[in-house]
Structure formats: C-alpha cells, structure tokens
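Participant: here are the coordinates; sequence isn't available:
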C-alpha cells in the first residue's frame with residue numbers, strides 16, 4: 001500500500017492501531033510540547049494520548065507529497081477528563097520526511113494556535 005494511503009487510514013483511526021512500521025527506528029519527532037528521537041518514545045506519546053484524553057478525533061484536511069516530504073493539514077480534537085470536560089481543538093500541519101526506503105525519519109508538527117490558546121480552551125470552554 002502507498003504511504004499516503006497508509007497515512008490517510010492512520011489519521012482516520014488516530015490514535016488507535018497506528019502503522020508504526022512506516023517510521024524509522026530513530027525517527028525524530030517534534031511538536032510544540034515534545035521533542036525526541038525513537039519509535040518507542042513516539043508509541044509512548046500516542047499511548048499517553050489514548051489513555052488520558054477522551055473522544056480523540058483527527059480530521060485530515062489535506063495530504064500531499066513533494067519529493068521526499070509529505071505535508072498534511074489537520075485538526076486534532078479531544079475531551080480532557082476534568083470535571084467540566086472541555087472539548088479541545090488544535091488545528092495544525094505536519095511535515096514528514098522520508099528516507100530512500102520510504103521510511104518516515106522526521107515528523108514535525110506545527111500548531112496554528114499557541115500553547116496558551118490550548119490552555120485557555122481548558123479554562124474557558126466554548
């Protein structure tokens with residue numbers, strides 16, 4: 001299966017049953033809260049999200065490949081398990097770099113909002 005199709009499927013069922021085999025063992029990951037190397041840490045981060053947050057939904061708006069880079073545009077939503085159960089929305093994009101074997105060696109997420117905006121969603125839910 002084509003890596004674009006695999007990623008589309010992964011986004012649809014995120015965070016469940018992700019296809020970790022498309023990531024290099026020493027994959028570099030960065031987002032506004034995390035920065036690390038290694039597929040084990042990547043799995044831990046996804047596992048934390050699965051176990052802590054509720055009703056996680058990842059909407060993929062666009063995915064395209066340019067050479068060895070895959071660009072995605074998405075919106076991540078979840079419910080935080082605190083008494084007032086705020087629904088959090090983070091719009092963003094990802095840049096995934098591929099090596100010669102079509103393995104993802106770098107996954108960098110950029111949010112279209114600030115970390116403060118995410119905190120505010122918890123304190124002042126809509």
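Facilitator: Received the coordinates, thanks. Remember, predicted model here, so these are calculated numbers, not experimental data.

Participant: Now residue 31. Its backbone dihedrals?
Facilitator: When read as degrees, to the nearest 10, the backbone of residue 31 gives phi -140, psi -180.

Participant: wait, I meant residue 53
Facilitator: Per-residue torsions, residue 53: phi -90, psi 160 (degrees, to the nearest 10).

Participant: Quick one, grab the pLDDT at it.
Facilitator: Predicted confidence (pLDDT) for residue 53: 97.

Participant: Leaving out the residues flanking it, which one is nearest to it?
Facilitator: residue 78 (3.9 Å; CB to CB, 6 or more residues apart in numbering). The C-beta positions use only the backbone N, C-alpha and C, and glycine is treated the same way.

Participant: In three-state terms, label that neighbour for me.
Facilitator: Put simply, residue 78 is strand when judged by DSSP: H, G, I helix; E, B strand; the rest coil.

Participant: and it, how many residues sit next to it?
Facilitator: If you count neighbours by other CB atoms under 10 Å, residue 78 ends up with 19.

Participant: what do you get for residue 90?
Facilitator: Counted with other CB under 10 Å, residue 90 comes out at 20.

Participant: list the contacts for the nearest residue to it once chain neighbours are set aside?
Facilitator: Once flanking residues are discounted, residue 90 sits nearest to residue 76: 4.6 Å by CB to CB, 6+ apart. By CB atoms under 8 Å, 6 or more residues apart in numbering, residue 76 lies in contact with 56, 57, 58, 59, 89, 90, 91, 92.

Participant: center of the chain, which residue is that?
Facilitator: In the chain, the residue lying closest to the centroid (CA atoms, centre = their mean) is residue 109, at 7.0 Å.
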